[in-house]
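*Asks:* need a 3D model of the following:
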Amino acid sequence: MSRWVVVLAGGVGSRFWPLSTPQRPKQLLPLVGRKPLLVEQLDRLRAIAPPSRTLILTNASLVRAIRKAAPRIPAKNVIAEPKPAGTAAALAWASHVIAQRDPDATMISVHADWAIADPAEFRATLLRAAQGAETTDGLVTVGIVPTRPDPGFGYIEPGEPVGNGVRRVARFVEKPTRERAAEMQGQGYLWNSGIFVWRVGAFLSELQAHSPEVGPALRTHGASLKRFFAAIRTPIAVDHAVLERSRRVLVLPGDFGWDDVGTWDALHRVRAHDASGNAPSGPLYALDAANNVVHTDGPQVVLYGVSDLVVVAKDGLTLVTTRDRSADLKRLVESLPKKVQAT
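*Replies:* Purely as a prediction, here's the structure:
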């Protein structure tokens, strides 16, 4: 039984303005290491599936940039979504494509824009999830063992054991309050990471059984990517379209230093720190300055007597905000003059 990897690489990453742009979103930026996040993810996954069994789904506008960043991936394996339609449509089409080429395959789906501290354990967990999917014919999600009570994530309550560390999913929980997140962390709930593993036939069967939003469109327009996406009226996540409705959903705990790197502040968790807790990329001189996030494409940044800031210097433009407010950059960007937004 062969295994395929699917990497979801859409989105524009507006919360990483001014570094991220629609033409060069965060998955194509070297935010954590020296390589773009997408390339780092592909490097981690190469031991699981070769480029010939790796699909990348992305926005139509990013296909050229992604092919340039990942030249080993065959051109036909970089799939341009005609419009944003949610992860249910993206994973349905990916499963459909794989099923046509390799009907008995197992598919491992991840996102392009994550930081992973322990790549070896990451791969080992994915392989355990694949074994679980193959032996149970279930839909396996990897739930991350929480490191903090984070209200920004959905949570999974593990249910009864199935074997080899895999458990049934008792329920999915939408993003909670911080207080409730702390309670759930203590009760053994897991973060809903967006890592999914299944035999493509099992998923497509559950899609047709449970998702009127996506199933009929795939059944009717399976020969045309454009027509399939056009038939999806409202974007929907795979969690809502299939997983919350299916009785075949399983969860495997994972603990490998996962972070979805959603904001500038998140970089403080995944970058190396100096002696004062600053997380820099580029030239920084800091005196009596602590716990700042700095990203500069060239200009020297000097900090004196400040803490918990985000400073980004790029092409003559400098952004300064607090780490707390860095998650709300969309409001700022929308208020800016167009020529500043595009800088």
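*Asks:* now do the SS call for residue 216.
*Replies:* When classified by DSSP: H, G, I helix; E, B strand; the rest coil, residue 216 comes out as helix.
*Asks:* for burial, what's the neighbour tally of it?
*Replies:* Neighbour count of residue 216, defined by other C-beta atoms under 10 Å: 12. Quick note: C-beta positions are derived from backbone N, CA and C, even for glycine.
*Asks:* for the closest residue to it other than its chain neighbours, give me its contacts.
*Replies:* The shortest distance from residue 216 to any non-neighbouring residue, by C-beta to C-beta, 6 or more residues apart in numbering, is to residue 231 (7.7 Å). Contacts here follow C-beta atoms under 8 Å, 6 or more residues apart in numbering; on that basis residue 231 touches 216, 217, 220, 221.
*Asks:* do you know how far the residue sitting nearest the centre point of the chain is from residue 141?
*Replies:* Geometric centre of the chain, nearest residue: residue 111, 3.3 Å, by C-alpha atoms, centre = their mean. Distance from residue 111 to residue 141, counting by C-beta to C-beta, to the nearest Å: 13 Å.
*Asks:* ditto for residue 187
*Replies:* The gap separating residue 187 from residue 141 is 18 Å, by C-beta to C-beta.
*Asks:* and residue 302, that's in a helix?
*Replies:* No - applying three-state DSSP, one finds residue 302 to be strand, outside a helix.
*Asks:* what number of residues lie near it?
*Replies:* The burial count for residue 302: 12, using other C-beta under 10 Å.
*Asks:* excluding chain neighbours, what is closest to it?
*Replies:* residue 285 (4.8 Å).
*Asks:* what's the pLDDT at that neighbour?
*Replies:* At residue 285, the model reports a pLDDT of 97.
*Asks:* residues near it, how many?
*Replies:* Counted with other C-beta under 10 Å, residue 285 comes out at 11.
*Asks:* the one 10 residues further on too?
*Replies:* For residue 295, the neighbour count with other C-beta under 10 Å is 25.
*Asks:* follow-up on the earlier one: and the pLDDT for the residue nearest to the centre of the chain?
*Replies:* Looking at residue 111, its pLDDT stands at 96.
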